[in-house]
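Trainee: fold the following for me, if possible:
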Amino acid sequence: MAAIQRTLAVLLLLVAGLAVNLAVATGPAQAASSLCAQYCDTRDPSQARQETFPAGTLLVNNRQIRLHLSDLDGMAWGSIDAGTQGESVWLDRSFDGGATWEGLLGKASIPGTWTGTRTLMYNLSDPSHHRRGMIRACGDAHAVACTSWVHASVCNATCDNAGAGTDAEAVRTVTLSGRSISLHFDSAGMAWGTITNTKAGDEVWLDRSFDGGASWPGGSSLGRTTSGRTNGFNATDPTSLLYGGAVRACGRAVEGQNGACTAWARPSSNRLRAAADALMYSYDPYPAWFPSSWWNSAVAVTAIIGYTRRTGDQTYAPLVRRTFDVNRVAFPAGARSSDPVDGHFISRSIDDTAWWGLTWIDAYDLTHDQVYLTEAVAIANYVAGFWDTSTCGGGVWWDRERTYKNAVTIGLYLRLTAALHNRIAGDTAWLDKAVTGWNWLQNSGMINGSGLVNDGLTSDCRNNGQTVWTYNQGLAIGAAMELYRATGTATYQDAARRLGTAALNSSLVHSGILTESCDPGQSCDDNQKQFKGVFMRYLAEAGQFQSFADTQANTLWSGRDPMNRIGSHWAPPSSPPDWRTQASALQALLVAS
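Mentor: Down below sits the predicted model:
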């Protein structure tokens with residue numbers, strides 16, 4: 001009897017192996033393609049930053065086939081041990097919940113007299129294209145077998161299929177044949193669906209999408225049940241670097257063939273987390289920026305740093321170092337900016353370079369890692385090289401060609417130099433630069449008689465009367481406040497408050513709402529979309545304006561769409577959102593009460 005059982009067991013393994021081999025040959029929906037997330041497929045496992053246990057192990061004819069996982073890298077690799085020459089191991093990767101897969105990834109055979117081998121590393125998911133993946137290791141040791149899929153469920157505060165929580169925000173509902181199908185969120189961002197006024201056999205389920213509802217492979221029919229209430233499922237997947245996930249509740253009445261679904265939505269009860277999550281949807285972890293704007297990416301990263309500092313939530317903290325490491329090298333024109341980037345975030349646009357300097361000051365404040373302060377000093381030295389007293393008695397040129405002296409560049413220079421003084425023990429040189437620069441700005445004529453900062457100077461060193469942009473006003477306020485912290489001299493704080501009061505009493509505010517001159521016609525370009533958030537950040541530092549800050553935050557949040565996206569125009573009617581407008585809005589939300 002024992003011999004018969006052993007024979008049957010071997011036959012079952014052979015049948016299973018045949019099934020897997022057939023699936024590998026015919027199951028995948030498309031040929032395997034190389035993916036890049038933080039790193040590209042085929043990275044050497046010796047470079048893994050961690051190994052997460054247990055990931056999956058099985059025995060095939062006494063050979064160990066093991067799946068190795070590094071959640072920190074978002075990658076996996078497979079190994080086979082206790083084997084003989086020719087036996088092999090590989091990975092399968094699926095983007096539709098295991099219905100189909102890319103097979104034989106990194107297939108490696110045991111060579112010579114070795115007893116084992118391993119694959120290279122492959123990405124679990126494809127965050128650049130908002131695709132969530134699963135992965136497994138398979139081996140052929142005279143029979144083919146595979147481990148279970150890893151990360152079939154999303155785990156955040158809790159894992160998928162947990163008991164549903166308590167409503168923390170307004171419920172989204174759709175009706176079908178007298179039933180109410182509803183989508184719910186709890187305070188942790190878990191979603192569940194309900195159907196009421198039911199008959200026996202009615203169904204309810206969730207769909208989950210990581211590309212804004214365009215598709216939902218692997219996220220269909222989650223928690224499908226006839227009980228009237230699904231379990232809870234996460235709306236976002238930080239482990240896979242997939243932010244901005246969306247869910248909807250769907251149901252089917254027993255007497256009908258068709259169903260109905262609510263609109264796609266994201267959790268919104270925690271507005272800072274919700275706004276940051278919506279912003280991070282657009283961050284591409286492989287090039288490590290927000291495509292495709294250079295200085296705007298610096299300000300967006302600054303907003304995420306601000307979120308991390310205020311909330312203590314470390315979910316997005318790793319992006320700071322990754323952005324730094326990937327982008328401090330040189331790039332040709334068109335790769336990060338229309339101009340070449342020389343390395344260390346330096347380009348011909350002096351203002352673009354200085355924005356990155358301020359970002360790394362904030363990163364230093366967040367982490368206390370000296371590498372960021374060192375980078376900020378290198379950037380400031382470059383910017384300071386364009387201070388020129390031979391034209392208009394001082395000021396910083398806007399570009400290498402020395403064509404224009406304007407408000408944004410001097411504002412950035414002042415904030416950066418004063419900030420360095422405040423962080424470098426024993427400094428006097430940076431403070432001298434900041435004080436000299438501030439005195440020049442005050443006497444340049446760039447601040448008009450109404451206390452508003454025009455865009456820049458004419459070739460004969462007069463105020464050019466061009467548009468008062470909110471970010472120029474904000475940078476002047478921020479420079480004054482950094483100098484106040486550096487010196488303790490109240491005149492700097494007084495100047496900051498005068499600049500703030502002037503802005504709030506000007507055409508920059510309509511019906512109590514901060515309004516860029518391009519807002520009413522919804523004609524703001526990609527630069528102008530981000531100005532108001534800069535203003536709000538620095539206005540808040542001056543004090544006395546908290547009520548105004550709260551009004552901005554409450555108004556813009558009330559105009560968000562179901563995906564928690566916020567446009568450039570903070571008062572109705574809303575304007576089309578993108579990541580630049582989202583970063584600006586997040587900065588305004590961060591300074592609200």
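Trainee: without its sequence neighbours, what residue ends up closest to residue 289?
Mentor: residue 297 (4.3 Å; Cβ to Cβ, 6 or more residues apart in numbering). Just so you know, the C-beta spots here come from the backbone N, C-alpha and C atoms, and that holds for glycine as well.
Trainee: pLDDT score assigned to the one you found?
Mentor: Per-residue pLDDT puts residue 297 at 98.
Trainee: could you pull out the helices in the protein for me?
Mentor: 2-26, 271-280, 294-311, 318-327, 350-367, 370-384, 407-421, 429-443, 470-487, 490-504, 531-541, 546-558, 579-590 (DSSP state H).
Trainee: that older thread, the residue nearest to residue 289: neighbour count?
Mentor: 28 (other Cβ atoms under 10 Å).
Trainee: residues contacting it?
Mentor: If you count contacts by Cβ atoms under 8 Å, 6 or more residues apart in numbering, residue 297 has them with 289-290, 323.
Trainee: got CSV for the helices of the chain, with distance to residue 264 too?
Mentor: Listed next are these as CSV, based on distance: least, Cβ to Cβ, whole Å:
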stretch, distance to residue 264
helix 2-26, 32
helix 271-280, 13
helix 294-311, 23
helix 318-327, 25
helix 350-367, 32
helix 370-384, 38
helix 407-421, 38
helix 429-443, 48
helix 470-487, 32
helix 490-504, 37
helix 531-541, 26
helix 546-558, 19
helix 579-590, 17
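Trainee: do you know how far residue 511 is from residue 593?
Mentor: 21 Å (Cβ to Cβ, to the nearest Å).
Trainee: need the contact list for the residue nearest to residue 286 when sequence neighbours are not counted.
Mentor: Distances taken as Cβ to Cβ, 6+ apart put residue 36 closest to residue 286, at 4.2 Å, once the chain neighbours are dropped. Contact analysis of residue 36 by Cβ under 8 Å, 6+ apart lists 123, 128, 286.
Trainee: show me what residue 36 bridges to in the sheet.
Mentor: residue 40 (DSSP bridges).
Trainee: so who does the most centrally placed residue in the chain touch?
Mentor: Centroid check for the chain by Cα atoms, centre = their mean gives residue 280 as the closest residue, at 2.2 Å. Contact analysis of residue 280 by Cβ under 8 Å, 6+ apart lists 243-244, 304, 316, 319.
Trainee: and the strands in the stretch 1-150 of the chain?
Mentor: 57-60, 63-70, 75-81, 88-94, 102-109, 117-118, 122-123, 134-140, 144-146 (DSSP state E, counting those that start in this stretch).
Trainee: could you dump those into a markdown table with distance to residue 353 added?
Mentor: Below are the strands of the stretch 1-150 of the chain laid out as a markdown table (distance: least, Cβ to Cβ, whole Å):
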| stretch | distance to residue 353 |
| --- | --- |
| strand 57-60 | 51 |
| strand 63-70 | 35 |
| strand 75-81 | 33 |
| strand 88-94 | 40 |
| strand 102-109 | 41 |
| strand 117-118 | 44 |
| strand 122-123 | 33 |
| strand 134-140 | 41 |
| strand 144-146 | 51 |
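Trainee: can I get those in CSV with mean pLDDT?
Mentor: Conversion of these to CSV gives the following (pLDDT from 0 to 100):
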stretch, mean pLDDT
strand 57-60, 94
strand 63-70, 96
strand 75-81, 97
strand 88-94, 98
strand 102-109, 97
strand 117-118, 98
strand 122-123, 98
strand 134-140, 97
strand 144-146, 96
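Trainee: of those, which is nearest residue 504?
Mentor: strand 122-123 (48.6 Å; Cβ to Cβ).
Trainee: what strands line up against the closest one, and which way round?
Mentor: Strand 122-123 has these strand partners (DSSP bridges): strand 75-81 (antiparallel).
Trainee: which residues touch the partner strand?
Mentor: 37-39, 43, 45, 48, 55, 63-70, 87-91, 106, 110, 115-124, 135, 137-139, 141, 150.
Trainee: make it 7 Å
Mentor: The contact list for strand 75-81 (Cβ atoms under 7 Å, 6 or more residues apart in numbering) reads 39, 43, 45, 48, 63-69, 87-91, 110, 115-124, 135, 137, 139, 141, 150.
Trainee: only whichever of these are buried, select them in PyMOL.
Mentor: Only the buried entries of the contacts of strand 75-81 go into this PyMOL selection, using 16 or more other Cβ atoms under 10 Å:
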select buried, resi 39+43+45+48+63+64+65+66+67+68+69+87+88+89+90+91+110+116+117+118+119+120+121+122+123+124+135+137+139+141+150
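Trainee: am I right that residue 352 is in contact with residue 296?
Mentor: No - applying Cβ atoms under 7 Å as the test, residue 352 and residue 296 come out as separate, 9.4 Å apart.
Trainee: the more surrounded of these two?
Mentor: Between residue 352 and residue 296, counted using other Cβ under 10 Å, the more crowded position is residue 352 (25 against 22).
Trainee: how about the more buried one: what's its closest non-neighbour residue?
Mentor: Per Cβ to Cβ, 6+ apart, closest to residue 352 is residue 295, 4.2 Å.
Trainee: how about that neighbour, what does it touch?
Mentor: 351-352, 355.
Trainee: wait, residue 298 sits on residue 353?
Mentor: No - the criterion here is Cβ under 7 Å, and residue 298 misses it with residue 353 at 9.3 Å.
Trainee: buried residues, stretch 198-208. List them.
Mentor: 198, 202-208.
Trainee: now, which of those sits nearest residue 397?
Mentor: Taking Cβ to Cβ as the measure, residue 397 sits nearest to residue 208 out of the buried residues of stretch 198-208, at 50.7 Å.
Trainee: tell me the spacing between the nearest residue to residue 591 once chain neighbours are set aside and residue 445.
Mentor: Ranked by Cβ to Cβ, 6+ apart and with sequence neighbours excluded, the top spatial neighbour of residue 591 is residue 540, at 3.6 Å. To residue 445, residue 540 is 28 Å away according to Cβ to Cβ.
Trainee: what do you get for residue 165?
Mentor: If you go by Cβ to Cβ, the gap between residue 165 and residue 445 works out to 59 Å.
Trainee: now do stretch 339-359: distance to the chain's middle.
Mentor: Centre-to-centre, stretch 339-359 and its host chain are 21 Å apart (Cα atoms, centre = their mean, to the nearest Å).
Trainee: where in this protein is pLDDT low?
Mentor: Along the chain, segments meeting pLDDT under 70 span 1-32.
Trainee: mind running it again at 50?
Mentor: 1-30 (pLDDT under 50).
Trainee: which one of residue 540 and residue 445 has more residues nearby?
Mentor: residue 540 (23 against 16).
Trainee: thought that one was touching residue 549?
Mentor: Yes - between residue 540 and residue 549 there is a contact under Cβ under 7 Å: 5.6 Å.
Trainee: shared neighbours of the two, anything?
Mentor: With Cβ under 7 Å, 6+ apart, residue 540 and residue 549 have common neighbours residue 591.
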